[in-house]
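**Student:** Here's my sequence, what's the structure:
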Amino acid sequence: MLLVDSHCHLDFPVFDADRQTLLEQARQQGVTRVVVAAVKAAGWPRLWELVEQHSMLYGSLGLHPCFLAEHDARHLGELQQWLERLRGHPRLCALGEIGLDYAQADSPRDAQQALLLAQLQLAKAFNLPVLLHVRRAHADCIALLKQLRLPRAGIVHAFSGSYEEAREYLRMGFKLGLGGAATWSAASRLQRVLGRLPLHGVVLETDAPDMAPAMFAGQRNSPTHLPAICTALATHLHCSPEQLAWHSSRNCAELFAWPDLALAP
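**Tutor:** Numbers count the residues shown, from 1 in each chain. Below you'll find the model as predicted:
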């Protein structure tokens with residue numbers, strides 16, 4: 001199986017001791033590309049340094065809503081400068097991780113929305129897809145996306161919403177990121193939603209080091225777990241692991257404009 005990890009945080013320090021080993025292990029298991037999503041401005045230089053060092057890695061720059069207290073107005077200007085400098089670079093694949101997180105009671109919703117809107121406008125200006133973090137905020141996120149109508153849409157990372165919300169994202173051209181969370185027995189509602197999703201609308205991810213799948217409970221998540229995640233989710237999507245891997249990889253290739261990703265028919 002050829003696999004793409006469409007969302008992880010391999011730049012986090014928890015991987016510093018064995019990052020190269022993990023990437024080689026993942027490659028041997030069929031993982032050919034890994035998208036590393038930024039969460040705050042301080043991490044952009046390190047993330048891009050890793051992208052340049054490892055041929056499997058592709059970068060996405062953005063300001064995550066869970067770190068709202070660490071963002072300020074100048075970071076949006078710096079993000080624009082980074083995007084200008086990297087415009088057209090084949091390893092810059094998206095803008096993110098960005099979004100809305102209403103599970104944080106102490107994080108002002110209006111400030112989150114303003115930050116998301118500003119970054120969506122940058123994505124539109126630079127013709128980049130987005131990697132969205134959306135928790136308990138699908139209605140507001142969908143409303144903002146309908147307002148802007150991004151030309152290249154993006155991925156709703158770690159999707160856990162309803163089928164109706166999934167349908168709204170799919171209508172706008174978004175893909176739904178599926179990972180370890182859906183492998184747990186407690187995720188029965190999400191698993192029922194997966195059973196109704198079209199394969200052209202989903203992509204696989206790990207969100208490593210977080211969201212370890214049930215078969216690796218209590219362990220640090222990593223791209224090496226993606227084949228097991230694929231196998232587990234294929235059951236809920238009523239297809240074979242090979243079919244899910246192929247569709248997910250093709251969806252990533254189309255979304256991120258990777259014409260060189262070789263996919264057997």
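
**Student:** where in this protein is pLDDT low?
**Tutor:** 265 (pLDDT under 70).

**Student:** Please, where are all the helices along it?
**Tutor:** Assigned by DSSP state H, the helices in the chain fall at 19-28, 44-53, 73-85, 109-125, 138-148, 163-171, 188-194, 226-236, 241-255.

**Student:** mind checking how far the shortest one is from the chain centre?
**Tutor:** Meaning helix 188-194. 19 Å (CA atoms, centre = their mean, to the nearest Å).

**Student:** how about TSV for the helices of the chain, with distance to Glu97 added?
**Tutor:** Every residue, glycine included, has its C-beta placed from N, CA and C. As requested, the helices of the chain are exported to TSV (distance: least, CB to CB, whole Å):
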stretch	distance to Glu97
helix 19-28	19
helix 44-53	11
helix 73-85	12
helix 109-125	10
helix 138-148	13
helix 163-171	16
helix 188-194	20
helix 226-236	18
helix 241-255	15
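
**Student:** okay if I get those as JSON lines plus mean neighbour count?
**Tutor:** Converted to JSON lines, the helices of the chain look like this (neighbours: other CB atoms under 10 Å):
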{"stretch": "helix 19-28", "mean neighbour count": "16"}
{"stretch": "helix 44-53", "mean neighbour count": "16"}
{"stretch": "helix 73-85", "mean neighbour count": "14"}
{"stretch": "helix 109-125", "mean neighbour count": "17"}
{"stretch": "helix 138-148", "mean neighbour count": "16"}
{"stretch": "helix 163-171", "mean neighbour count": "17"}
{"stretch": "helix 188-194", "mean neighbour count": "16"}
{"stretch": "helix 226-236", "mean neighbour count": "21"}
{"stretch": "helix 241-255", "mean neighbour count": "20"}
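
**Student:** Can you tell me which of those helices is nearest to His9?
**Tutor:** helix 44-53 (8.9 Å; CB to CB).

**Student:** what's that closest one packed up against?
**Tutor:** Here helix 44-53 touches strand 31-37, strand 57-61, going by 3 or more CB pairs under 8 Å, 6 or more residues apart in numbering; DSSP states H and E.

**Student:** And the residue nearest the centre of this protein?
**Tutor:** Centroid-nearest residue in the chain, with CA atoms, centre = their mean: His7, separated by 3.6 Å.

**Student:** of all the helices and strands packed on helix 44-53, which lies closest to His89?
**Tutor:** Per CB to CB, nearest to His89 of the helices and strands packed on helix 44-53: strand 57-61, 8.6 Å.

**Student:** From the chain's centroid, how far away is the closest one?
**Tutor:** 10 Å.

**Student:** same question, stretch 211-231
**Tutor:** 16 Å.

**Student:** Convert that stretch to PDB, retaining C-alpha atoms only.
**Tutor:** Output of stretch 211-231 as PDB, limited to C-alpha atoms (Å, rounded to 0.1, in the frame of the first residue of the first chain):
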ATOM      1  CA  MET A 211      -4.400  10.700  18.900                       C
ATOM      2  CA  ALA A 212      -2.800   7.300  19.000                       C
ATOM      3  CA  PRO A 213      -5.100   4.500  17.600                       C
ATOM      4  CA  ALA A 214      -6.700   1.900  19.800                       C
ATOM      5  CA  MET A 215      -4.200  -0.700  18.800                       C
ATOM      6  CA  PHE A 216      -1.300   1.500  20.100                       C
ATOM      7  CA  ALA A 217      -3.100   2.800  23.200                       C
ATOM      8  CA  GLY A 218      -0.900   4.800  25.600                       C
ATOM      9  CA  GLN A 219       1.900   5.000  23.000                       C
ATOM     10  CA  ARG A 220       3.300   8.000  21.200                       C
ATOM     11  CA  ASN A 221       1.600   8.200  17.800                       C
ATOM     12  CA  SER A 222       3.800   8.300  14.700                       C
ATOM     13  CA  PRO A 223       3.500   7.900  10.900                       C
ATOM     14  CA  THR A 224       4.500   4.200  11.400                       C
ATOM     15  CA  HIS A 225       1.000   3.600  12.800                       C
ATOM     16  CA  LEU A 226      -0.700   4.800   9.600                       C
ATOM     17  CA  PRO A 227      -1.000   1.300   8.000                       C
ATOM     18  CA  ALA A 228      -2.700   0.000  11.100                       C
ATOM     19  CA  ILE A 229      -5.000   3.000  11.100                       C
ATOM     20  CA  CYS A 230      -5.800   2.400   7.400                       C
ATOM     21  CA  THR A 231      -6.700  -1.200   8.000                       C
END
